[in-house]
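Undergrad: Fold the following for me, if possible:
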Amino acid sequence: MAGKHEPSRRSFLKVGAITAGTAALSAKSHARVMGANDRLNAGIIGCGSIATGHLRALFALMEEDNTAVKRVCDVFGKRAADFSDQIKEAGGDASPTGDYRDVLDDPDVDYVLIATPEHSHHYLTMAALKAGKHVYCEKPLCYDIREAKEVVREAARTGLKLQVGVQGMSDDSYSSAHEAILAGKIGQVVEAQIDYVRNYDLERGPWRQGTIPSNEKPGDLDWDAWLRPRAKRPWDPRHYFEWRCYRDYSGGIATDLFVHRITRIIRACGLTFPVRAAGMGGIYTWDDGRDVADSMEVLLEYPAVEGVTGGMTVHLLGTMANKNRNPHCVRGKDATLVFTRGGWDIVSEENGEVIESHVKAGGEDLRLHHMNHHEAIRSGADLNCPPELGLYGVVASRMGNLSMYQGKMVAWDVKRQHVVAS
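TA: Numbers count the residues shown, from 1 in each chain. Just a heads-up that it's a prediction; the model follows:
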């Protein structure tokens, strides 16, 4: 049986529980019901580098998946206009705007892609759901836990399809690993480890562009709108062009990188909320005005999960000055499940032999992740990364950051559903 501290799925759903009938009715009242052959029209909010990758994926799906991009929005007019031009060159027609409300008010837009900095994910996602739009929100789901919980509740209330942009969940390695673990193939799980490591140039550092495109604020860039909901401040090109280096807008390694990795372990082991977290790290290599760590590690303790673990730890390594990797694995009493480029192997604890292998289907692929979202909108298919899973990733990442910032361990209060001092 699960341990006494286990936060059950039932207790979690109290965060935003609503009857299925009410949710379905609400969704129908806001969004048109999609048929299997209907075209899906997307609106893009945020036209930076991440959105560029999404635009390429959506171009690839225009014919095979009957999709189109109808509106594009960015507070920097030049970026929105550039996206509009690219879409026209590809045979589409998407009018640009600097106001996200224009996208949400467009009755032809079925869903929105939110590819803005982390600090704006919450209010944009909430506004889109309230406007009756399905949402694909880039990771992390939200900047902090309170925001993510509110988004999960709103998605449940409306019944709209919210896909979180952890595209690794469109690789079946992690769902199949969960099935193998539940089947007892590695024995009781005791530990998992995973990393996200890089080695940046000493002269530049993580998330720095080098030469800033413009020290003067472009005339067609609405700086106050970009800052929302943060307090107004004077124009700062570093904060705009290199926002991942600053806590006001980003959780750094934890939310930009770890969230990809911890979500994999959460999915494979059937985890939800940690019991406690210890985060350590700092600005060890690039003391260049940033205020997020350039190296970081997090140790998370998770409670018992019936049929999987009596309690376990998860270790996350994330240095940006060394790219020597740790194995990505889940350790059990009888064997270790090791993730590989092609899927996973189960390695016997007794003799070190590979006793079972899985060749993955799918992959960490934007196109596949969008196709899954489209299928969910059209026919109600299960999302590969639903909002609840996005929330679990936010909680783990944010707890690691809070522990590092405060210099002490933090814990999860199951009853009150928030972080407390350990």
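
Undergrad: top helix in the protein by residue count?
TA: With secondary structure taken from DSSP state H, the chain has its longest helix at helix 387-406.

Undergrad: what packs against that helix?
TA: Identification of packing neighbours for helix 387-406 by 3 or more C-beta pairs under 8 Å, 6 or more residues apart in numbering; DSSP states H and E yields helix 145-158, strand 162-165, helix 259-269, strand 276-282, strand 295-302, strand 410-413, strand 418-421. Every C-beta, even on glycine, is put in place using the N, C-alpha and C of the backbone.

Undergrad: 6 Å instead?
TA: Other helices and strands packing on helix 387-406, by 3 or more C-beta pairs under 6 Å, 6 or more residues apart in numbering; DSSP states H and E, are helix 145-158, helix 259-269, strand 276-282, strand 410-413.

Undergrad: surely Thr255 meets Ser397?
TA: Yes - between Thr255 and Ser397 a contact is recorded at 4.9 Å, counting by C-beta atoms under 6 Å.

Undergrad: Settle it for me: which of the two has more neighbours?
TA: A side-by-side neighbour count of Thr255 and Ser397, using other C-beta atoms under 10 Å, places Ser397 first with 32 against 25.

Undergrad: Any idea how many residues pack against the nearest residue to that one once chain neighbours are set aside?
TA: Take Ser397 and drop its neighbours on the chain: the residue closest to it by C-beta to C-beta, 6 or more residues apart in numbering is Ala254, 4.2 Å away. Counted with other C-beta under 10 Å, the neighbours of Ala254 add up to 30.

Undergrad: which residues touch Ile253?
TA: Counting by C-beta atoms under 6 Å, 6 or more residues apart in numbering, Ile253 touches 296, 318.

Undergrad: pLDDT value on it, please?
TA: At Ile253, the predicted lDDT confidence score is 98.

Undergrad: and Arg331, that one's in a strand?
TA: Yes - the assignment for Arg331 is a strand, going by DSSP: H, G, I helix; E, B strand; the rest coil.

Undergrad: Enumerate every residue touching it.
TA: Arg331 neighbours (C-beta under 6 Å, 6+ apart): 190-191.

Undergrad: Please apply the same query to Asp195.
TA: Going by C-beta under 6 Å, 6+ apart, Asp195 touches 317, 325-326.

Undergrad: Select from those the one having the most neighbours.
TA: Highest neighbour count within these, by other C-beta under 10 Å: Leu317, with 20 neighbours.

Undergrad: Grab the nearest non-local neighbour of that one.
TA: Distance criterion C-beta to C-beta, 6+ apart; nearest residue to Leu317, sequence neighbours excluded, is Asp195 at 4.0 Å.

Undergrad: What of Leu221?
TA: Once flanking residues are discounted, Leu221 sits nearest to Phe76: 4.5 Å by C-beta to C-beta, 6+ apart.

Undergrad: Tell me the pLDDT of the one you found.
TA: 98.

Undergrad: buried residues in stretch 105-123?
TA: 106, 109-123 (16 or more other C-beta atoms under 10 Å).

Undergrad: Show the end-to-end separation of it, please.
TA: End-to-end span of stretch 105-123 (C-alpha to C-alpha, to the nearest Å): 16 Å.

Undergrad: got the contact list for Ala90?
TA: By C-beta under 6 Å, 6+ apart, Ala90 lies in contact with Phe59.

Undergrad: Ser175 versus Cys142, what's the distance?
TA: Per C-beta to C-beta, to the nearest Å, Cys142 is found 24 Å from Ser175.

Undergrad: More neighbours: the two, which one.
TA: Cys142 (29 against 14).

Undergrad: Next, Asn384: phi, psi?
TA: phi -70, psi -30 (degrees, to the nearest 10).

Undergrad: And for Arg230, the neighbour number?
TA: Neighbours of Arg230 under the rule other C-beta under 10 Å: 16.

Undergrad: where in the stretch 1-150 of the chain is pLDDT low?
TA: Segments of the stretch 1-150 of the chain classed as low confidence (criterion: pLDDT under 70) are 1-37.

Undergrad: which residues touch the longest strand along the chain?
TA: Determined from DSSP state E, the single longest strand within the chain is strand 309-319. Strand 309-319 is contacted from outside by 189-193, 195-197, 253, 257-258, 265, 295-304, 326, using C-beta under 6 Å, 6+ apart.

Undergrad: go with 8 Å
TA: Here strand 309-319 makes contact (C-beta atoms under 8 Å, 6 or more residues apart in numbering) with 3, 188-198, 253-254, 257-258, 261-262, 265, 269, 271, 274-275, 281, 294-304, 326, 396, 400.

Undergrad: Thanks a lot, catch you later.
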